[in-house]
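> Quick one: sequence and predicted model below, then my questions.
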Amino acid sequence: KMVEIWQEVLGVQKIGITDNFFELGGHSLIVVQVINQISKQLGQTISFKIFFANPTIKELSKELKQSEYLDIPKAVEDESYPLTSSQNRFWILSQLEGGSLAYNMSAAVRFIGTVDYDKFEESFRLLIKRHEILRTYFKSNDQAEVRQFIIPTEQVSFSITQKSFLN
């Protein structure tokens, strides 16, 4: 089963139990996917440290520990949600005079070649629909408490602007 997990996340057809995960194109972000799939499909777990020290299926199989996979439960839908302590700290810092925009990462991307703008825009729409954090904003409620508010998907106004550039 572990071979199937590696094949799926790495996109590699033939994997042997002594093949090195990182030599097959694996990296730390894919390790997260593998560990999650091992937990989900096999009911076992492994730490990042052990995975990196034992990057073959043969070695990892010896290190697996029994565990019970538990989904993180979805929060009950509400009008707003409390901030975590980290979010609250960032909110306070952002309200101070001269607050930093360091956590806002704006950028423009220039594509060269043919781009299917409809598919490109639809991809972003699906991403925004799936991840509530991309529709989340923070503001004070009627009790002057800063809260997280999530814009319903159908109220999101999103479009991609096409511009032509001369070389």
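Happy to help now that I have it. These numbers come from a predicted model, not from an experiment. Numbering: from 1, shown residues only.

> Sketch out the low-pLDDT regions of this protein for me.
Scanning the chain for pLDDT under 70 picks out the ranges 66-71, 97-105, 164-167.

> Just give me the residue right at the centre of it.
The centroid of the chain falls nearest to residue 131 when counting by C-alpha atoms, centre = their mean (8.7 Å).

> Pull the longest helix along the chain out as CSV, backbone CA atoms only.
The single longest helix within the chain, with elements called by DSSP state H, is helix 117-130. The C-alpha coordinates for helix 117-130 follow below in CSV (Å, rounded to 0.1, in the frame of the first residue of the first chain):
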residue,chain,number,x,y,z
TYR,A,117,-7.9,32.6,-19.4
ASP,A,118,-11.2,31.0,-18.7
LYS,A,119,-9.6,27.8,-17.2
PHE,A,120,-7.0,30.0,-15.4
GLU,A,121,-9.8,32.1,-13.8
GLU,A,122,-11.9,29.0,-13.0
SER,A,123,-8.9,27.5,-11.2
PHE,A,124,-8.7,30.5,-8.9
ARG,A,125,-12.5,30.5,-8.4
LEU,A,126,-12.3,26.8,-7.3
LEU,A,127,-9.4,27.6,-5.0
ILE,A,128,-11.2,30.5,-3.4
LYS,A,129,-14.3,28.4,-3.0
ARG,A,130,-12.4,25.5,-1.3
